[in-house]
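1. dropping a prediction and its sequence here:
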Amino acid sequence: MQEGCIVMDKSNRCLLRIFCCFTVLIILLLLQFRFASVYGDTVTSIQSKDEILHLEEEILNMSRDGDERIESVDFDHAVKMYYDVPLFNEKKNLGSEEIERIVTNSNYKWVVPIKNPTLEKEAHLYIGGPTNSLEIENKVKQGYLTKEEGEKLIHSQGKWTVAYVSTYEKNKHSVLKVAQEVIARENLNVEKILFVVPKELQIPVVLIKVDGDYQVMFHEFPLVEGGISNVKGELSLDRFYPFNEAKEVVREFAREHQLVSTNGDARPNGVVVPWKESSIVVVGIAVAGFLLYKLFRKKRAQPNRDNL
């Protein structure tokens, strides 16, 4: 009897390990085939918001969740968000001109607020990069893209297109809105404002130029809750710091946590994962669970047959 229990315990541990491996594999596949990743790199050719105004209807259609009422697309407050920017890479102190050069030489997307009476939403617009038709067809066959989405990707090369719409949870706000509130509250005389996703953090930060010098605000940090603190100093959320002072703290934080650049477009905290992505995880885990259940039943039945 004890031998049977030991065998069952080992079998259960083996099944648990297999289930964990299935779960990790599903998550990794999901990250690899994220919808936005097949858009390719953006280019810095747009000079005016006028070139994205024709996307209003598409943004509205992607923003609606069922019968949800969307008021309008707020192009007046659309902003360029530069991404994959080596903002904190330099050891030396950077002047305003150097900071602007590093930022504006990088790729960018448009982030467009959406007026919604309930949850805060914003659309993310990219220029479609070079596409591999065979790769997109495979993603359609595998269910990661619909046929319409696949066709859209193929025809979006070199054109501005709506990649996805972010929906923030209740009481969560985008860094765009928070930055505006902080600037108004502190009555800052802002000469210039830049929205940036640094390579070192992969989350949006805000740069403002005040009296000729740049300051930076963080709305969140990766891997941790709240602000950060290390031997180089301390940084809290939702307040502005002199750029070079904050740069040293961020560089130390990135070194401690071995942060590396990914795709430059990580979604901020509070953003609801689109249903297509979450459903893949749920279905995948459910299938893996069913297969493991059948395997478990088979293993339990095996000793009974042996006894017969």
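-> Perfect, I can see it now. Residues are numbered from 1 along each chain as shown.
2. got the buried residues for the host helix or strand of residue 178?
-> Using DSSP states H and E, residue 178 maps to helix 175-185. Applying a neighbour-count criterion of 16 or more other Cβ atoms under 10 Å, one finds 175-176, 178-179, 182-183 buried in helix 175-185. C-beta coordinates here come from the backbone N, C-alpha and C atoms, glycine included.
3. which other helices and strands contact it?
-> Applying 3 or more Cβ pairs under 8 Å, 6 or more residues apart in numbering; DSSP states H and E, one finds that helix 175-185 makes contact with strand 108-115, strand 192-198, strand 205-210, strand 213-218.
4. same list (those strands) but as JSON lines, adding mean neighbour count and distance to residue 157.
-> As requested, these are arranged in JSON lines below (neighbours: other Cβ atoms under 10 Å; distance: least, Cβ to Cβ, whole Å):
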{"stretch": "strand 108-115", "mean neighbour count": "22", "distance to residue 157": "16"}
{"stretch": "strand 192-198", "mean neighbour count": "21", "distance to residue 157": "23"}
{"stretch": "strand 205-210", "mean neighbour count": "21", "distance to residue 157": "30"}
{"stretch": "strand 213-218", "mean neighbour count": "21", "distance to residue 157": "35"}
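5. any weak-confidence spans in this protein?
-> Scanning the chain for pLDDT under 70 picks out 1-48, 129-131, 260-308.
6. what ranges does it have for its strands?
-> Using DSSP state E, the strands of the chain run over 72-73, 79-85, 108-115, 121-127, 160-168, 192-198, 205-210, 213-218, 228-230, 233-235, 240-242, 271-272.
7. and the helices and strands packed on helix 175-185 as TSV, adding distance to residue 165?
-> Shown next, in TSV, are those (distance: least, Cβ to Cβ, whole Å):
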stretch	distance to residue 165
strand 108-115	7
strand 192-198	17
strand 205-210	21
strand 213-218	24
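8. surely residue 195 meets residue 174?
-> No - Residue 195 is beyond contact range of residue 174, at 9.9 Å (criterion: Cβ atoms under 8 Å).
9. the protein: helices as residue ranges?
-> Assigned by DSSP state H, the chain shows helices spanning 2-32, 56-63, 96-104, 133-142, 147-155, 175-185, 243-256, 275-307.
10. shared neighbours of residue 195 and residue 174, anything?
-> residue 111 (Cβ atoms under 8 Å, 6 or more residues apart in numbering).
11. outline the domain layout of the protein.
-> Domains of the chain are assigned by automatic domain parsing as 1-32+275-308, 33-272.
12. quick one: contacts for residue 174?
-> Applying Cβ under 8 Å, 6+ apart, one finds that residue 174 lies in contact with 111, 113, 120, 122, 166, 168, 268.
13. of those residues, closest to residue 238?
-> Minimum distance to residue 238 across the contacts of residue 174 is 12.9 Å, recorded for residue 268 (Cβ to Cβ).
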